[in-house]
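Enquirer: Predicted structure and sequence below. I'll ask about it afterward.
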Amino acid sequence: QPLAADFHAQTAEFIKLLTEKQVPQSLRDALVAAGYNTVELFLNSFEEKSVLEEWLKVKVKDEQILGPEAANFWKGHVACGSLRAAWFAVQKYGGLKKVVRPKWRSKSLAKDVRIKDEKVEEVEEVEDESEGKGEGEEETESDQEEDQESEGERPLKRPASAPANHAKKRRKLDKPISSCRTKVSFQALKAEAEAVGFNAQEYLQQGFTVLKKPVLEAAEIRDALAAAKRVRAASKSSDNEGEFVFLRRDTDNADKILLFSLLNRYLPFLHQLLSGIRLPGSDYAPYAHHNQIQIAVKRPGFGGYAQLERMSNSFIGHIDQSVSRQKEGVATSNYSCLLGICLGGETGSRVDAGNLYCTPEAHNKLAEAYSQKCAEGPVLWYKDIVKKYLGASNPPQMKPVCIVPGQAVLMHHQVVHGVGPNQSDTERVNVYFRITSSCRPPGKLVSYPEAMRNPTLETPALKDLAAQQ
């Protein structure tokens, strides 16, 4: 009986590992049915990765336990990737107990735990073009992106000290911060949310909210606005008239560096909300969201996505998807959230000044639809996403975001949005950062479908924060 109890405990431990790595139920059942029901048996049976690949081929391609669609693309299917992630964890750490997701980044070489990139075998797909439509749409720098954090070694370090009070001492705008080792805690999240004026209840329900408390001084706003205009004027980016700007290893342009450093003021809050984020300059790996900003200038006379009276119709909106992935039925890519810092314009007092328009609750409604129509595997992208997933009748309504220079808007990736016309006499200038949590599982850097079906997956303390605010 003791031996049987111990065996059941080992099986439960193994199932827990598979569940944490998002291995779907069908694959978990197949493993257990075949007798691979403990970490030790799994480790000894699949000592070589080629053996695991052969098993996946038989089960997914030949027996089609995940369906015919997965069989045709079994090597790149997200379910197979999740099992490879579990295999990697077992090979490196020997099981679940020693698996610790990195939440702190450090470039220091002293007393660090290091993970060599060559051992990470999850490879992401190409992501090299912008969406070519407007606000909140992305361009990436390379046509080869791997699920890796840096070139060479990735040192990680867990701090022993308590978090500093960033709300009292503002970070300088001299250069972007590339590492943050502050301990994540609920109390620290409450303090940082208060410092930037974050309404957790609104973000939880609507999917977007204005960070009410400006964290930039008037002189800093003026300097950043001037820098944004100079960078846009000199930009050679091929998309959206030069809106997308990259931070590279050899970047020495003072204006670019200043604009990337705007994130410094929101870093303490975002670090707590997402349990760590990928930071500009933390690495120069091919996947470039964290090394990219969008300088969105909407000049007087800009026509918007539609005439003002039609901007409430969510059919004209979108969720971000790169041009290279804008194909009906392909896997949707997603970052965690969009941070837009307003530097200029009249969007605080008008709704026709080039305002960002967002659809309240779209992130939750889409999550429900994804769970029904794409219950496992990737979430599929369609151009008319609202019609496809939410129906052609009675679409949800978009509303304008009113924001003054010095404030920021935080928007969940899954919110349907667009840009209205600018009928004012002032340029509207926003700088957008695409924020990705640093806690994503291996293989889920570009596309994390589990987070699409569960909008609070990457913000685990959001509900508690909303309940206490």
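Expert: Here it is on my side, so go on.

Enquirer: Mind listing what's buried along stretch 352-371?
Expert: Neighbour counts over stretch 352-371 (16 or more other C-beta atoms under 10 Å) mark 352-360, 362-367, 369-370 as buried. Glycine gets a C-beta too; all of them are placed from N, C-alpha and C.

Enquirer: What of stretch 292-299?
Expert: 292, 293, 294, 295, 296, 297, 298.

Enquirer: Tell me the confidence at the nearest residue to the first one once chain neighbours are set aside?
Expert: Spelled out, that is residue 292. Leaving aside its sequence neighbours, residue 292 sits nearest to residue 246 (C-beta to C-beta, 6 or more residues apart in numbering; 5.5 Å). At residue 246, the pLDDT value in this model is 86.

Enquirer: so what's residue 214 up against?
Expert: Neighbouring residues of residue 214 by C-beta atoms under 8 Å, 6 or more residues apart in numbering: 404, 406, 407.

Enquirer: tell me which element residue 52 falls in.
Expert: Per DSSP states H and E, residue 52 falls inside helix 49-56.

Enquirer: which residues make contact with that helix from outside it?
Expert: The set of residues external to helix 49-56 that reach it, using C-beta under 8 Å, 6+ apart, is 45, 46, 74, 80, 83, 84, 87, 121.

Enquirer: Surely the fifth one is in a strand?
Expert: No - Residue 83 is assigned helix when assessed by DSSP: H, G, I helix; E, B strand; the rest coil, not a strand.

Enquirer: quick one, what contacts it?
Expert: Contact partners of residue 83, counting by C-beta under 8 Å, 6+ apart, are 18, 21, 23, 27, 52, 56.

Enquirer: Export those as TSV, with columns for neighbour count, pLDDT and distance to residue 376.
Expert: Shown next, in TSV, are the contacts of residue 83 (neighbours: other C-beta atoms under 10 Å; pLDDT from 0 to 100; distance: C-beta to C-beta, whole Å):
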residue	neighbour count	pLDDT	distance to residue 376
18	23	85	14
21	23	81	14
23	22	87	10
27	21	86	10
52	19	88	20
56	21	88	15
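
Enquirer: So which of these is the closest to residue 436?
Expert: Distances from residue 436 to the contacts of residue 83, taken as C-beta to C-beta, are shortest for residue 21 (18.8 Å).

Enquirer: Just give me the neighbour total for the nearest residue to the closest one once chain neighbours are set aside.
Expert: Using C-beta to C-beta, 6+ apart and skipping the chain neighbours, the partner closest in space to residue 21 is residue 86 (4.1 Å). Residues lying near residue 86 (other C-beta atoms under 10 Å) number 28.

Enquirer: give the contact list for residue 86.
Expert: Residues near residue 86 by C-beta under 8 Å, 6+ apart: 17, 18, 21, 23.

Enquirer: which among those residues gets closest to residue 428?
Expert: Nearest to residue 428 among the contacts of residue 86: residue 21, at 43.5 Å, using C-beta to C-beta.

Enquirer: quick revisit: tell me which residues in the helix holding residue 52 are buried?
Expert: In terms of neighbour count (16+ other C-beta under 10 Å), helix 49-56 has its buried residues at 52, 53, 55, 56.

Enquirer: need the residues you listed in a markdown table with distance to residue 328, can you?
Expert: Formatted as a markdown table, these follow (distance: C-beta to C-beta, whole Å):
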| residue | distance to residue 328 |
| --- | --- |
| 52 | 32 |
| 53 | 30 |
| 55 | 32 |
| 56 | 27 |
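
Enquirer: now, which of these sits nearest residue 206?
Expert: residue 56 (40.6 Å).

Enquirer: State the distance from that closest one to residue 71.
Expert: Residue 56 sits 11 Å away from residue 71, going by C-beta to C-beta, to the nearest Å.
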